[in-house]
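Peer 1: Following is a predicted model, sequence given first.
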2 protein chains.
Amino acid sequence: MARAVQKRTLETRARLIAAAQEVIAEAGYEAMRVEEVVLRAGVAKGTFFAHFRDKEALLELLIGARIDSELDRIEALPAPADVPAIIGALMPLVAVMITERYVFDLILRHSGAAGKAEIGPIAQTFARTDQVLGMWLALGPFRKDVTPALLSSGVQAFLIHVIALHFCALHQKQTLQEMLADLLQAWLLPGGTGA
Amino acid sequence: MARAVQKRTLETRARLIAAAQEVIAEAGYEAMRVEEVVLRAGVAKGTFFAHFRDKEALLELLIGARIDSELDRIEALPAPADVPAIIGALMPLVAVMITERYVFDLILRHSGAAGKAEIGPIAQTFARTDQVLGMWLALGPFRKDVTPALLSSGVQAFLIHVIALHFCALHQKQTLQEMLADLLQAWLLPGGTGA
DNA sequence: TTGAAAAATTGACCGCGGTCAATAATAAAT
DNA sequence: ATTTATTATTGACCGCGGTCAATTTTTCAA
């Protein structure tokens, strides 16, 4: 039978997380250095890796939490009446994902539970996004000829797509919102009132 | 006035590329080490970086070339009659992109010309995919209520999406093809003959 | 042919993520 | 209180991508 976690362990872990958040607040996610974090937390380098599999595991945790809080918000929203309502609801989530190019890349890299290991925090938010969007979109006045699951899957694909274009040197004719609006209109309301 | 490129330079570059391809053929893209490449090419480490900005610049070159040859093939294809025809045409391209998880991540990371620098080889293939698909899809019997550009943009988004799902520990109920078929059917022929 | 500018190559060196055998701190058993 | 088993922490060390001042090779003009 496994022993209970030591209080010391929790403190160390909390100090590491706090130190990381401090560094990130000052210099951004990409600039975070494990050596800087352990220095501020007052522990040895090895301790970091006793608490987190690797550097990205900690970043996943922090970023995953931010995404989850956005999903909490979306989940509590009333039924969307149209595409602009959807975009309004999704933009804060987009804002989190585009805080840094590095963050977006990291999210993509972990969106599918790399390798065989357990499902990481970010992969979980992706699965949850699928569910939340599925439920939420089903409430709105959108096409019914396809399953809600397929509908939300498509929305997720477009979300990633427009963010990728946002970071692209080409494709600067339209804003992220405009591009997303066009895609969602065509996806959710084919042959509908939209342009 | 700049001097002409030395023959020696071209030879060195060719040897580096050949050595890299050799290593990749043996151990895969992710396992490629710059030190191994320069060893086989018989040059010093610094020489590598005199020829390529960084390790990924060389990988971009090699992968970009493979993608481009797939686009050449697609470009020469007759008009697609239906969704299965599209999938048949796209699967070899997908096959290139899923050779390794690492390759897919690298492709995504460079799909949008990271930073301000010039458009890299992979970013170019993405722009080209957009064009090629736009032209090609416009030849087929698909929805005409949206622009060909929007249509191909959506197809590209779905392509990336299903590959991401392919690498996902979750979502293993459907194969990549099935998922892509459902999405494309709903996207290209809304309310059409498909399920 | 020779001298000098330009270009290519070299390899010691650095930064940083990650490892691991040794050590210290803690909890349970006697 | 003392021993023992477990867990947490340490820091020297490694691998590998990338840098840069010094050196060699090439080109071209006089």
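Peer 2: Thanks, I have the structure now.
Peer 1: In terms of helices and strands, where is residue A:23?
Peer 2: Secondary structure from DSSP states H and E places residue A:23 in helix A:7-27.
Peer 1: near DNA strand D, anything from that helix?
Peer 2: Yes: residues of helix A:7-27 are located near DNA strand D by CB under 7 Å from any atom of the strand, namely A:8-9, A:12. For every residue, glycine as well, the C-beta is placed using N, CA and C.
Peer 1: Now do that helix: distance to the chain's middle.
Peer 2: Taking CA atoms, centre = their mean, to the nearest Å, the mean C-alpha location of helix A:7-27 is offset from the chain mean by 21 Å.
Peer 1: What are the contacting residues of it?
Peer 2: Around helix A:7-27, the neighbours that count as contacts under CB atoms under 8 Å, 6 or more residues apart in numbering or on different chains are A:31-33, A:36-38, A:40-43, A:47-48, A:51-52, A:58, A:61-62.
Peer 1: which bits of chain A sit near DNA strand C?
Peer 2: Counting by CB under 7 Å from any atom of the strand, chain A comes close to DNA strand C at A:3-4, A:6-8, A:32-35, A:45-46, A:49-50, A:54-56.
Peer 1: among those residues, who's most crowded?
Peer 2: residue A:32 (21 neighbours; other CB atoms under 10 Å in any protein chain shown).
Peer 1: on that earlier part again, could you dump the helix holding residue A:23 to PDB, C-alpha only?
Peer 2: Extracted C-alpha coordinates of helix A:7-27, given in PDB (Å, rounded to 0.1, in the frame of the first residue of the first chain):
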ATOM      1  CA  LYS A   7       3.700  17.700   2.800                       C
ATOM      2  CA  ARG A   8       7.200  18.700   1.700                       C
ATOM      3  CA  THR A   9       6.500  17.300  -1.700                       C
ATOM      4  CA  LEU A  10       3.500  19.400  -2.200                       C
ATOM      5  CA  GLU A  11       5.300  22.500  -1.100                       C
ATOM      6  CA  THR A  12       8.200  21.900  -3.500                       C
ATOM      7  CA  ARG A  13       5.800  21.300  -6.300                       C
ATOM      8  CA  ALA A  14       3.900  24.400  -5.500                       C
ATOM      9  CA  ARG A  15       7.100  26.400  -5.400                       C
ATOM     10  CA  LEU A  16       8.200  25.100  -8.800                       C
ATOM     11  CA  ILE A  17       4.800  26.000 -10.300                       C
ATOM     12  CA  ALA A  18       4.900  29.500  -8.800                       C
ATOM     13  CA  ALA A  19       8.400  30.100  -9.900                       C
ATOM     14  CA  ALA A  20       7.500  29.000 -13.500                       C
ATOM     15  CA  GLN A  21       4.500  31.300 -13.600                       C
ATOM     16  CA  GLU A  22       6.700  34.100 -12.400                       C
ATOM     17  CA  VAL A  23       9.200  33.600 -15.100                       C
ATOM     18  CA  ILE A  24       6.500  33.200 -17.700                       C
ATOM     19  CA  ALA A  25       4.800  36.400 -16.600                       C
ATOM     20  CA  GLU A  26       8.100  38.200 -17.000                       C
ATOM     21  CA  ALA A  27       9.400  36.700 -20.200                       C
END
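Peer 1: residues touching the residue positioned nearest the centre of chain A, list them.
Peer 2: The residue lying closest to the centre of chain A (CA atoms, centre = their mean) is residue A:67, at 4.3 Å. Counting by CB under 8 Å, 6+ apart, residue A:67 makes contact with A:93, A:96-97, A:107, A:122, A:125, A:129.
Peer 1: For it, give its distance to residue B:128.
Peer 2: Distance, residue A:67 to residue B:128, by CB to CB, to the nearest Å: 32 Å.
Peer 1: Please apply the same query to residue A:122.
Peer 2: 30 Å.
Peer 1: Next: residue A:3.
Peer 2: To residue B:128, residue A:3 is 59 Å away according to CB to CB.
Peer 1: close enough to count as contact, residue A:165 and residue A:178?
Peer 2: No: in this structure residue A:165 lies outside contact range of residue A:178 using CB atoms under 8 Å: 10.8 Å.
Peer 1: Look at those two and report which has more neighbours.
Peer 2: residue A:165 (22 against 12).
Peer 1: element containing the more buried one, please.
Peer 2: Assigning secondary structure by DSSP H and E places residue A:165 in helix A:148-166.
Peer 1: and if you look at residue A:103?
Peer 2: Using DSSP H and E, residue A:103 sits within helix A:101-110.
Peer 1: so, in contact with DNA strand D or not, that helix?
Peer 2: No: applying CB under 7 Å from any atom of the strand, one finds helix A:101-110 separated from DNA strand D by no less than 13.9 Å.
Peer 1: For the helix or strand that that helix is followed by, which outside residues touch it?
Peer 2: With elements assigned by DSSP H and E, the helix or strand that comes after helix A:101-110 is helix A:121-138. Residues from elsewhere that reach helix A:121-138 (CB under 8 Å, 6+ apart): A:60-61, A:63-65, A:67-68, A:71, A:74-75, A:77, A:79-80, A:86, A:89, A:106-107, A:110-113, A:119, A:148-149, A:151-153, A:155-156, A:188, B:168-170.
Peer 1: Quick one, which of those residues are buried?
Peer 2: A:60, A:63-64, A:67-68, A:71, A:74, A:80, A:86, A:89, A:106-107, A:110-113, A:148, A:151-153, A:155-156, A:188, B:168-169 (16 or more other CB atoms under 10 Å in any protein chain shown).
Peer 1: what's the burial count for the closest residue to residue A:80 other than its chain neighbours?
Peer 2: In space, residue A:80 comes closest to residue A:140 once its chain neighbours are excluded; the distance is 4.3 Å by CB to CB, 6 or more residues apart in numbering or on different chains. A count of nearby residues for residue A:140, using other CB under 10 Å, gives 17.
Peer 1: if I read this right, residue A:140 contacts residue A:78, doesn't it?
Peer 2: No: in this structure, residue A:140 is not within contact of residue A:78 by CB under 8 Å, at 9.9 Å.
Peer 1: I am finished for the moment; much appreciated.
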